[in-house]
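A.B. asks: Okay, predicted coordinates and the sequence, questions at the end:
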Amino acid sequence: MTTFSRRHFAGATLAGAAAVTGLVPARAWAEAFPARQLHYVSPYPPGGTNDLVARIVSRKLAANFSQPVVVDNRSGAGGTIGTQFVVQAAADGYTVLNASSGNLSSAPQVLGAPYDPLADLVPVGFLGHTRFVFAVHPSVPATTLAELIAYAKKNPRKINYGTAGNGTGGHIAGEYLRLRTGIDIVHVPYRGSAPALNDAVAGHVQLVLDPLAAQHVRAGKLRALAYSGATVSPDLPGVPSIEAAGVPGWEATNFFLAAVPAKTSAGVVEQLHRQFVELARDADTVAELKALGVEIQPLSLPQIAALLKAEIDVNNRVIRAAGITA
């Protein structure tokens, strides 16, 4: 897909004249988008990974569109409250969801959300695979994932793991780890990444699964045992991938994508998608997101839809096998 360059054209005269005659072509409307402020909905509270990604993306979109793009935090229920808000919004492209894939691939099944992610939303951009860091409080007697697994087997239900909430990517990853290794650990859901990490640093939970755990590892407040969802982890030297740490064939993933209500016109969807592709090819955006452990790619709309469908299938298997409930 070619890089999108926003057209500047004397459309006001054309649109005004056509509006009088009622003959405004659909393509003209699409090319005029956006004509006003956009709301970019983060379904998590400020300070977490989703919110930080949303703020980077909204700033870039505002510059490219020459229109304000306001981050709207609507948190709660594993991201389903904010997602449902977007599902119910006008299908005009002016309300966009900054989705962690867990909002769409696992939270609806776990929490019984009143939307179908494949039927009620349409992706407009891929924001990147997310690196999940498996980190423990320094008081935990484990310096490797294998040692943590051995300790957990000898001490069932003594390891509590914190995540950004029920049905989130961290929750699925924790339950997948439990299934794959036979350990008995206890999930502690929070209302976003920030409070989960705060309690992990304070030692109130022993294990945390979150992209932003990396910054606390670098500060010496947590100990990283493994990571998943990224090809490399250059800012965490010596920390192995989950496969290299002893859990081969790891399937649980997490990524960020942007989506709008399903009935949004194809022209507006394409306009938005072109902008997200441009962001994925912008070196500054790539660097900013990479600092959060997010690897953005310029995927096509069919590729994004296929990726989401595949994650829904994997997470459904984990949810059923683990008996995950809220």
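C.D. replies: Nice, I can see it. Numbers count the residues shown, from 1 in each chain.

A.B. asks: Could you check the strand or helix carrying Ile312 and say which residues are buried?
C.D. replies: Using DSSP states H and E, Ile312 maps to helix 301-322. By neighbour count on 16 or more other Cβ atoms under 10 Å, the buried set for helix 301-322 is 301, 304, 307-308, 311-312, 314-315, 318-319, 322. C-betas here are computed from N, CA, C, even on glycine.

A.B. asks: does the residue nearest to Ile296 when sequence neighbours are not counted count as helix, strand or coil?
C.D. replies: Among residues not flanking Ile296 along the chain, Gly128 sits closest, at 3.7 Å (Cβ to Cβ, 6 or more residues apart in numbering). At Gly128 the chain is in strand, as set by DSSP: H, G, I helix; E, B strand; the rest coil.

A.B. asks: Next: Val96.
C.D. replies: strand.

A.B. asks: Adjust the sequence numbering to begin at 246 for everything that follows.
C.D. replies: Noted, 246 is the first residue going forward, which turns the last one into Val341.

A.B. asks: residue contacts, it?
C.D. replies: For Val341, the contacting residues are 283-286, 331, 369, 503-505, 517, by Cβ atoms under 8 Å, 6 or more residues apart in numbering.

A.B. asks: Can you flag which of these belong to strands?
C.D. replies: Under the assignment DSSP state E, the contacts of Val341 contribute 283-286, 369, 503-505 to strands.

A.B. asks: which one among these gets closest to Asp444?
C.D. replies: Of all these, Val286 has the smallest distance to Asp444: 25.9 Å, by Cβ to Cβ.

A.B. asks: Correct me if wrong: the closest one contacts Gln329.
C.D. replies: No - in this structure, Val286 is not within contact of Gln329 by Cβ atoms under 8 Å, at 10.3 Å.

A.B. asks: which intervals of the stretch 446-571 of the chain have sub-threshold pLDDT?
C.D. replies: 571 (pLDDT under 70).

A.B. asks: which residues of it fall in strands?
C.D. replies: Ranges of strands in the stretch 446-571 of the chain, per DSSP state E, counting those that start in this stretch, are 452-455, 468-473, 500-506, 539-540.

A.B. asks: same check, this time on the stretch 296-445 of the chain
C.D. replies: 314-318, 340-345, 366-375, 377-381, 405-408, 431-434.

A.B. asks: okay if I get those strands as CSV plus distance to Tyr396 and mean pLDDT?
C.D. replies: Converted to CSV, the strands of the stretch 296-445 of the chain look like this (distance: least, Cβ to Cβ, whole Å; pLDDT from 0 to 100):
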stretch, distance to Tyr396, mean pLDDT
strand 314-318, 37, 98
strand 340-345, 29, 96
strand 366-375, 27, 95
strand 377-381, 10, 96
strand 405-408, 13, 97
strand 431-434, 14, 96
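
A.B. asks: Counting neighbours, go ahead and name the busier of Val286 and Gln329.
C.D. replies: Val286 (25 against 20; other Cβ atoms under 10 Å).

A.B. asks: ok so, going back, which of the strands of the stretch 446-571 of the chain is buried the deepest?
C.D. replies: The highest mean neighbour count among these, using mean count of other Cβ atoms under 10 Å, belongs to strand 452-455: a mean of 29.

A.B. asks: Mind giving me the packing neighbours of it?
C.D. replies: In terms of contacts (3 or more Cβ pairs under 8 Å, 6 or more residues apart in numbering; DSSP states H and E), strand 452-455 is packed against strand 377-381, strand 405-408, helix 414-426, helix 438-447.

A.B. asks: Among these, which comes closest to Val513?
C.D. replies: Shortest separation from Val513 across the helices and strands packed on strand 452-455 is recorded for helix 414-426, at 28.3 Å, computed as Cβ to Cβ.

A.B. asks: how far does the closest one sit from the chain's center?
C.D. replies: Averaging C-alpha positions (Cα atoms, centre = their mean, to the nearest Å) puts helix 414-426 17 Å from its chain's average.

A.B. asks: Now do the same contact list for Ile404.
C.D. replies: The neighbours of Ile404, taking Cβ under 8 Å, 6+ apart as the test, are 385, 393, 396-397, 428, 430-431, 451-452.

A.B. asks: same check, this time on Asn405
C.D. replies: 430-433, 449-452 are the contacts of Asn405 under Cβ under 8 Å, 6+ apart.

A.B. asks: can you check Ala504 too?
C.D. replies: Residues near Ala504 by Cβ under 8 Å, 6+ apart: 331, 341-342, 344, 349, 366-369.

A.B. asks: so what's the residue nearest the centre of the chain bridging to?
C.D. replies: Nearest to the geometric centre of the chain sits Ser345, at 2.2 Å (Cα atoms, centre = their mean). Beta-bridge partners for Ser345, by DSSP bridges, are Phe501.

A.B. asks: Quick check: pLDDT value at Ser346.
C.D. replies: As predicted, Ser346 sits at a pLDDT of 85.

A.B. asks: Asn499 and Thr476, how far apart?
C.D. replies: 14 Å (Cβ to Cβ, to the nearest Å).

A.B. asks: And those two? Which one has more around it.
C.D. replies: Neighbours per residue (other Cβ under 10 Å) separate Asn499 from Thr476, with Asn499 holding more: 26 against 8.

A.B. asks: Since that was my last question, I'll sign off now.
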